[in-house]
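**Q** next input, structure requested:
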Amino acid sequence: MKITEIIDAVNKYHPDLGPDYAGCDGVKCGDPDVECTGVVSALVPNIEVIRKTIELGYNFLYIHEPTYYLTPDYSEWKADFDCEIYEKKKKLIEDNGIVIYRDHDHMHAHTPDSIFTGVLKYMGWEDYLVGTHDKVPFGYLIEFPEVKTVEEINREFIEKNEMNGTRYIGRPDDKIKRIAIVGHIYPEAFIPSSEKDGYYTDYSTEIIRAIEKEHIDAIIPGEIIEWNLLSYIRDAISFGKNMACFNIGHYNWEQLGARYAVDWLTEITEGKVPIKYVPNGDMWKYQLN
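**A** Numbering: from 1, shown residues only. Sure thing, here's the model as predicted:
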């Protein structure tokens with residue numbers, strides 16, 4: 001198959017976001033009109049992933065997050081200064097004939113969401129899903145058949161996401177029954193802040209509402225700030241509540257969606273090209289007292 005044929009199959013698989021779509025998805029570098037020697041699915045095209053793609057002899061890198069460091073995710077460097085690392089990365093990609101295609105907005109627009117379907121599947125939590133956006137705004141509610149301790153859940157994350165460790169709020173022995181995957185906890189995310197009739201709301205406030213209403217014991221966010229929802233969780237723990245926040249990091253958390261992409265990419269390409277998941281590796285290291 002040509003890489004363009006694979007991209008066409010992906011576009012047919014995903015929902016059509018319309019003729020006016022102007023988001024970040026698309027080819028970021030390389031000539032997609034060539035024969036595909038193999039596909040690497042990874043969350044982020046970091047240098048280790050690119051080198052692994054070269055080692056495999058594959059020329060198509062299918063990714064979810066940006067390549068070149070700028071938030072709009074241009075396919076070229078558009079800041080008003082030179083960037084040595086951009087130039088080195090671009091040369092490595094070009095010298096090895098690699099095509100990079102980003103699939104972000106369409107994966108999240110898919111029903112069900114292509115990233116978090118993979119998270120649920122490869123965490124082994126699919127059968128424990130008891131609610132989605134109806135219970136947790138822009139999130140997923142998991143209820144374990146038997147309680148788990150905070151420490152046990154941390155060990156699951158480390159094992160299944162190939163992490164160096166975890167960062168969390170909570171007590172290791174506290175019992176967790178209901179855990180929510182939530183969106184990014186930062187200002188103006190998902191639900192813009194507003195004040196009406198004397199009442200304030202934003203996304204963090206709505207997560208607190210869900211915690212109180214749905215008796216949620218722990219959350220797993222993407223990005224975080226610390227002054228609202230996380231402070232609420234910390235204070236709840238101080239009052240003796242069983243509660244936790246697992247801050248394992250945006251990339252560590254979502255990379256299981258890239259692993260899941262191998263499943264459906266293999267299906268839509270009818271097994272005509274080799275497809276391999278390459279984990280990004282945990283960027284974080286931990287120094288303890």
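**Q** check contacts around the residue nearest to residue 188 when sequence neighbours are not counted.
**A** Of all residues not flanking residue 188 in the chain, residue 202 sits nearest, at 7.5 Å (Cβ to Cβ, 6 or more residues apart in numbering). The way it works is simple: take the backbone N, C-alpha and C, and place the C-beta from them, glycine included. Each residue near residue 202 by Cβ atoms under 8 Å, 6 or more residues apart in numbering is listed here: 187, 188, 191, 192, 193, 194, 228.
**Q** and the helices in the chain?
**A** According to DSSP state H, the chain carries its helices in the segments 3-13, 47-56, 84-95, 105-109, 114-123, 150-160, 203-214, 229-238, 250-268.
**Q** ok now the fourth one, how far from the chain's centre?
**A** On the basis of Cα atoms, centre = their mean, to the nearest Å, helix 105-109 is displaced by 11 Å from the centre of the chain it belongs to.
**Q** the helices of the chain into CSV, with extra columns for mean neighbour count?
**A** Below are the helices of the chain laid out as CSV (neighbours: other Cβ atoms under 10 Å):
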stretch, mean neighbour count
helix 3-13, 17
helix 47-56, 17
helix 84-95, 13
helix 105-109, 18
helix 114-123, 21
helix 150-160, 17
helix 203-214, 18
helix 229-238, 16
helix 250-268, 20
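**Q** how much space between the residue nearest the centre of the chain and residue 223?
**A** Centroid-nearest residue in the chain, with Cα atoms, centre = their mean: residue 254, separated by 2.5 Å. Distance of residue 254 to residue 223, computed by Cβ to Cβ, to the nearest Å: 11 Å.
**Q** mind showing which ranges of the chain have poor pLDDT?
**A** Judged by pLDDT under 70, the chain has no weakly predicted residues.
**Q** change it to 90
**A** Scanning the chain for pLDDT under 90 picks out 187-188, 288-289.
**Q** longest strand of it?
**A** Taking DSSP state E as the criterion, the chain has its longest strand at strand 140-149.
**Q** just to check, residue 142 is in contact with residue 182?
**A** No: Residue 142 sits out of contact with residue 182 when judged by Cβ atoms under 8 Å, with a separation of 11.4 Å.
**Q** look at the two and report which has more neighbours.
**A** Neighbour comparison, residue 142 and residue 182: the larger count goes to residue 182, with 27 against 24 (by other Cβ atoms under 10 Å).
**Q** these two touch, right, the more buried one and residue 138?
**A** Yes: counting by Cβ under 8 Å, residue 138 is a contact partner of residue 182 at 7.1 Å.
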